[in-house]
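**Student:** Predicted structure and sequence below. I'll ask about it afterward.
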Amino acid sequence: MTDNHTTPEAGWNFDNSYARLSPSFYTALNPTPVRSPKLVLLNESLAATLGLRVESLQSKDGVAVLAGNLIPGGAMPLAQAYAGHQFGHFNRLGDGRAILLGEQLTPQGERFDIQLKGSGPTPYSRRGDGRAAMGPMLREYIISEAMHALGIATTRSLAVVSTGESIFRETELPGAVLTRVAASHVRVGTFQYIAQWGTDEELRTLADYVLQRHYPEIDAAGEENRYLQLLKEVIKRQAALIAQWQLVGFIHGVMNTDNMAISGETIDYGPCAFMDAYDPATVFSSIDTQGRYAYGNQPYIGGWNLTRFAETLLPLLHDDEEQAIKLAEGALADYEALFQREWLAGMRAKLGLFNEESEDEALIETLLDMMKKNRADYTNTFRALTLNKPEESALFGSPEFASWHQLWQARVGRQKEPLTASQELMRSSNPAVIPRNHRVEEALEAAVERDDYSVMERLLAVLATPFAHAPDQVEYCALSSDAAGPYRTFCGT
Ligand SMILES: Nc1ncnc2c1ncn2[C@@H]1O[C@H](COP(=O)(O)OP(=O)(O)OP(=O)(O)O)[C@@H](O)[C@H]1O
Ligand SMILES: [Mg+2]
């Protein structure tokens, strides 16, 4: 490997603010080179946003960077330390299979972490091999980009490189490296790590760092208790994020505190999936036997994780612990209402409602209850209402639905906005296509088993405009012919 080889033509423009923090926050370390890297996916529009040139990224040196075989000039590779409550149990963790190359400063003056996932062992690997399999990395690429297109805050995927090496899980699998782009990778677990093993001074440094990087308005305002403001803002962003997940039927699957980003982005697409039939008890992860991370439990778990975050901030909130706890509790008490407000606003939009009426919640609940009873597909039910084709909904035909439909139409009709505006609002709030499990599996199978990326390219193209409601998207709305339920083949790590 050539260290600090410069590749100015690619457009890498690194700064390394995280590396300037105390070394107890990370371990400086290069990725471990792989045998024969090959670029299998490149996100050209994201590359352009980052100020990176596509041809350069596709060149031998460009691919070597994306594989971790070559360190671009200006990068200061490191593995971040963090902790986390995994399924409720506190563990010392850290990037066990990821390396942060540095922060790319874009031509627009933005700053994004560039991280290689699957880049080899680190001091935080515990018993793991530091590697990732092709299937899950392609899956992360597809779903994170779909989430972005749905307008949901998320880490993004720049590229996937095959390593030419096998990794061993239950069977032998092809290895891959994903280049992940994030506002930052600071997690609730990063705070937990410093709160547990660092000093109060280091905790303050981390909080100040996050304020400057993600909440500059608080930083600039010189608020009296900036750390309380930080807590409140993180709560607000998570409430909004999880409401967005609920609105599109996204199940994260592994909402451990190490998988909750302080920036408010969705992070870690492990055993995640989109719900088909509406049922709050839906779980996709095979290891989540208790349903801790079930669809309907996500808002609660969000609050639980935020409570863990608040606990780490106590020493910064007030010198007196009792006072600090009171402040934290006050901030946390707002979470539920913040979530509910976001969710209700989103649900109203999904039903084409601009204003608020007191009966709206009952109207929404009745619809959801019918969906649950009839195991109606969540996305397609809203799509049928959007396209004004109720007959395409599984609910159609029952007297209960007929009376609900009448109530809803009357409700829409009471607004001052014209019906066309209402329909437009619904079209932009209800996706026609989501990354359905059987479609994702089909794309992964073609890619991994047959080295055929055309199925995935088509899927990615369709997912890029989820609100288009275009004719060529219709086939992607169909449910799996074998409605066997959760697909798990490529879930997990
Ligand atoms: N193959 C592996 N080798 C070493 N460590 C691993 C491996 N897989 C997961 N880990 C580590 O186990 C912990 C929990 O894994 P988890 O599945 O939440 O994260 P991940 O998918 O690797 O990464 P991220 O949260 O960054 O998306 C993390 O600290 C992760 O780095
Ligand atoms: Mg993780």
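**Tutor:** Alright, I've got the coordinates. Ligands and ions are numbered 1, 2, ... in the order given.

**Student:** For the spatially most central residue of the chain, give me its contacts.
**Tutor:** The residue lying closest to the centre of the chain (CA atoms, centre = their mean) is Thr266, at 2.4 Å. Each residue near Thr266 by CB atoms under 8 Å, 6 or more residues apart in numbering is listed here: 144, 147, 152-155, 241, 245, 250, 252. For glycine as for every other residue, the C-beta is placed from the backbone atoms N, C-alpha and C.

**Student:** do the same with Glu342
**Tutor:** 239-240, 243-244.

**Student:** which one of the residues you listed is nearest ligand 1?
**Tutor:** Proximity of the contacts of Glu342 to ligand 1, judged by CB to the nearest ligand atom, is greatest for Gln244, which lies at 18.9 Å.

**Student:** Quick one: residues contacting the nearest residue to that closest one once chain neighbours are set aside.
**Tutor:** In space, and not counting its chain neighbours, Gln244 is closest to Ile152: 4.7 Å by CB to CB, 6 or more residues apart in numbering. The neighbourhood of Ile152, defined by CB under 8 Å, 6+ apart, consists of 241, 244-245, 248, 250, 266.

**Student:** How is this protein divided into domains?
**Tutor:** Under the assignment the TED database, the domains of the chain span 17-185, 198-273+283-348.

**Student:** Show me which residues of the stretch 51-200 of the chain sit near ligand 1.
**Tutor:** Proximity of the stretch 51-200 of the chain to ligand 1, by CB under 6 Å from any ligand atom, involves residues 93-98, 125, 128-131.

**Student:** in the chain, which ranges drop under the pLDDT threshold?
**Tutor:** Residues of the chain that meet the criterion pLDDT under 70 lie in 1-8, 481-493.

**Student:** Now with 50, please.
**Tutor:** Filtered on pLDDT under 50, the chain yields the residue ranges 1-7, 483-493.

**Student:** coming back round to it: which one of the domains of the chain lies nearest to Glu449?
**Tutor:** Checking the domains of the chain against Glu449 by CB to CB gives domain 17-185 as the closest, at 9.6 Å.

**Student:** can that closest one be found next to ligand 2?
**Tutor:** No. Using CB under 5 Å from the ion, domain 17-185 never reaches ligand 2; the gap is at least 7.7 Å.

**Student:** picking that back up, keep only those of the contacts of Thr266 that are in strands.
**Tutor:** Phe250 (DSSP state E).

**Student:** Which one of the contacts of Thr266 is nearest to Glu329?
**Tutor:** Leu241 (21.8 Å).

**Student:** so how far is ligand 1 from the closest one?
**Tutor:** 16 Å (CB to the nearest ligand atom, to the nearest Å).

**Student:** Is the residue of the stretch 251-400 of the chain found nearest ligand 2 part of a helix or strand, or is it coil?
**Tutor:** Residue of the stretch 251-400 of the chain nearest ligand 2, by CB to the ion: Asp268 (3.9 Å). Under DSSP: H, G, I helix; E, B strand; the rest coil, Asp268 falls in the coil class.

**Student:** Next: Ala243.
**Tutor:** Per three-state DSSP, Ala243 ends up helix.

**Student:** List the contacts of it.
**Tutor:** Counted by CB under 8 Å, 6+ apart, Ala243 has contacts 299, 339, 342-343, 346.

**Student:** my guess is Phe401 meets Leu385, correct?
**Tutor:** No. Contact between Phe401 and Leu385 fails when scored by CB atoms under 8 Å: they sit 10.7 Å apart.

**Student:** Overlap in contacts, the two.
**Tutor:** The contact lists of Phe401 and Leu385 share Ser393, where a contact means CB under 8 Å, 6+ apart.

**Student:** Around ligand 1, which positions in the stretch 251-400 of the chain sit nearby?
**Tutor:** So the stretch 251-400 of the chain meets ligand 1 at 254, 258-259, 267-268, 270 (CB under 6 Å from any ligand atom).

**Student:** from the residues you listed, which single one is nearest ligand 1?
**Tutor:** Looking across these and measuring by CB to the nearest ligand atom, the closest to ligand 1 is Asp268, at 3.4 Å.

**Student:** contacting residues around the closest one?
**Tutor:** So Asp268 contacts 252, 254, 259 (CB under 8 Å, 6+ apart).

**Student:** what's the spacing between it and Thr27?
**Tutor:** 20 Å (CB to CB, to the nearest Å).

**Student:** got it, and Phe382?
**Tutor:** As for Phe382, its distance to Thr27 is 46 Å (criterion: CB to CB).

**Student:** same check, this time on Lys38
**Tutor:** Lys38 is 29 Å from Thr27, by CB to CB.

**Student:** Also Ile71?
**Tutor:** On the measure of CB to CB, Ile71 and Thr27 end up 16 Å apart.

**Student:** the more surrounded of these two?
**Tutor:** Taking neighbours as other CB atoms under 10 Å, Ile71 and Thr27 compare with Ile71 leading, 25 against 17.

**Student:** Return the distance of the one helix or strand that one maps to from the chain's centre.
**Tutor:** Using DSSP states H and E, Ile71 falls within strand 70-72. Relative to the chain's own centre, strand 70-72 is displaced by 27 Å; criterion: CA atoms, centre = their mean, to the nearest Å.

**Student:** Check which element follows that strand along the chain.
**Tutor:** Defined by DSSP H and E, the subsequent element after strand 70-72 is strand 78-80.

**Student:** Buried residues, the host helix or strand of Glu329. List them.
**Tutor:** Secondary structure assignment for Glu329, by DSSP H and E: helix 321-333. The neighbour-count check on helix 321-333 (16 or more other CB atoms under 10 Å) flags 324, 327-328, 331-332 as buried.

**Student:** Identify the residues contacting the residue lying closest to Ala464 once chain neighbours are set aside.
**Tutor:** Excluding its sequence neighbours, the residue lying closest to Ala464 (CB to CB, 6+ apart) is Ala149, at 5.1 Å. By CB under 8 Å, 6+ apart, the residues touching Ala149 are 463-466.
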